[in-house]
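Visitor: Predicted model, plus sequence, below.
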Amino acid sequence: MARDALDDERLRREVIAAAVQRRADELGGYLPWTELTDFPLPDGTTVRLVDPGRGGIWNPRDLVATLSILTSPDGPYADRESDGFLTYSYQSGPEGGKNLKLRAAMEHRLPVMRFDKIAKATYQLIYPVFVIGDNPITREFTLALDEQLRLVPGGSQPLSPIEKAYAARLVRQRVHQPAFRARVMLAYEGTCCVCTLKHPELLDAAHITEDGAEGGDPVVTNGLSLCKIHHAAYDRLLLGITPDYEVRINRRLLDEIDGPMLRHGLQEMHRRPLTLPRHQTDRPDPQRLETRFERFAAV
Ligand SMILES: [Zn+2]
């Protein structure tokens, strides 16, 4: 394929991916299925980002290589992920079929979008991923989940301990942390659970038990959707949340006299009930809240 045509295709992929990422950021890090099937681009056109039949590989006719793959924990294929690499089964069908364009993505080193299912009809974008291996015997592709990992000889041979640690860090940043954020934003519908601010771009997915500590898992029940100011106040123990879902403000802060941010943003939050996720199973774990609240109360 001519160099210029490939450059055009690479550029088109970047434009599409940037627009999708912007939209995902707006929503809090995820995209509903309905938007993936008919996605508006900045130039006024629309593009289909996934196979309408919900198949794994999506090959738009006007592109040389696969635009996106879909992954799902409950999908029909046994896709496996480890050390920053995804093993992706060939799609069944006529010989070659949809797999040919995924192979083309490898040959031309074109970036592919991955949509990973995080909830019913809801997906997280992971971009770019690169096809780095193709095994016709096991009928599987190997994809690197980060551009940097293309340089690591993954998939075919075991990684050294240093490479393993490097891959784990990248995957945490690129895949796991954004997935935690997306799940929390989805559960809380992009709302600060303390003040009900509804701007995902001003919200964080906060951990109740800190990341890295025992029990600090990136699960929704260990998360709180908090605006930047309430997240910072929570981390600095100026704001506490009781196990029965009420807000408390640090005593000294309550007695201070200052401008509207202190008065409306903090003091008036004292004793407010938390705005909780709609689904019972998404609500914050009272046990974790209690442990954290004891530290707040001790200050
Ligand atoms: Zn807030």
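Guide: Received, thanks.
Visitor: roughly how far is the least confident helix or strand in the chain by mean pLDDT from the heart of the chain?
Guide: Ranking every helix and strand in the chain by mean pLDDT, DSSP states H and E puts strand 80-82 at the bottom, with a mean of 84. Relative to its chain's centre, strand 80-82 lies at 17 Å (C-alpha atoms, centre = their mean, to the nearest Å).
Visitor: who does it touch, helix- and strand-wise?
Guide: The contact analysis (3 or more C-beta pairs under 8 Å, 6 or more residues apart in numbering; DSSP states H and E) places strand 80-82 against strand 85-89. Bear in mind the C-beta positions are built from the backbone N, C-alpha and C, glycine included.
Visitor: which other helices and strands contact the strand it packs on?
Guide: Contacts defined by 3+ C-beta pairs under 8 Å, 6+ apart place strand 85-89 against strand 68-71, strand 80-82, strand 140-144.
Visitor: partners of the longest one, with directions?
Guide: Read that as strand 140-144. Here strand 140-144 has these sheet partners by DSSP bridges: strand 85-89 (antiparallel), strand 122-135 (antiparallel).
Visitor: what's the most buried one of those strands?
Guide: Ranked by mean neighbour count, those are led by strand 85-89 with a mean of 22 (mean count of other C-beta atoms under 10 Å).
Visitor: Using PDB, write out every CA atom in that strand.
Guide: Extracted in PDB, the C-alpha atoms of strand 85-89 (Å, rounded to 0.1, in the frame of the first residue of the first chain):
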ATOM      1  CA  PHE A  85      -0.800  -8.400  26.300                       C
ATOM      2  CA  LEU A  86      -4.100  -9.600  25.100                       C
ATOM      3  CA  THR A  87      -4.600 -12.900  23.400                       C
ATOM      4  CA  TYR A  88      -7.400 -12.500  21.000                       C
ATOM      5  CA  SER A  89      -9.000 -15.500  19.200                       C
END
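Visitor: Quick check: mean pLDDT of it?
Guide: For strand 85-89, mean pLDDT rounds to 92.
Visitor: do stretch 213-220 as well
Guide: Averaging pLDDT along stretch 213-220 gives 92.
Visitor: now do stretch 284-291
Guide: For stretch 284-291, mean pLDDT rounds to 98.
Visitor: Which residues does that stretch contact?
Guide: 208-209, 215, 221-224, 241-245, 274, 276 (C-beta atoms under 8 Å, 6 or more residues apart in numbering).
Visitor: and the helices and strands packed on strand 85-89 as JSON lines, adding mean neighbour count?
Guide: Formatted as JSON lines, these follow (neighbours: other C-beta atoms under 10 Å):
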{"stretch": "strand 68-71", "mean neighbour count": "24"}
{"stretch": "strand 80-82", "mean neighbour count": "13"}
{"stretch": "strand 140-144", "mean neighbour count": "23"}
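Visitor: of all those, which lies closest to Lys164?
Guide: Nearest to Lys164, of all these, is strand 80-82, at 9.7 Å by C-beta to C-beta.
Visitor: what does that closest one rub up against?
Guide: For strand 80-82, the surrounding residues in contact (C-beta under 8 Å, 6+ apart) are 86-87, 145.
Visitor: For those, give me a markdown table that also has distance to Glu163.
Guide: Output for these, formatted as a markdown table (distance: C-beta to C-beta, whole Å):
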| residue | distance to Glu163 |
| --- | --- |
| Leu86 | 17 |
| Thr87 | 17 |
| Leu145 | 14 |
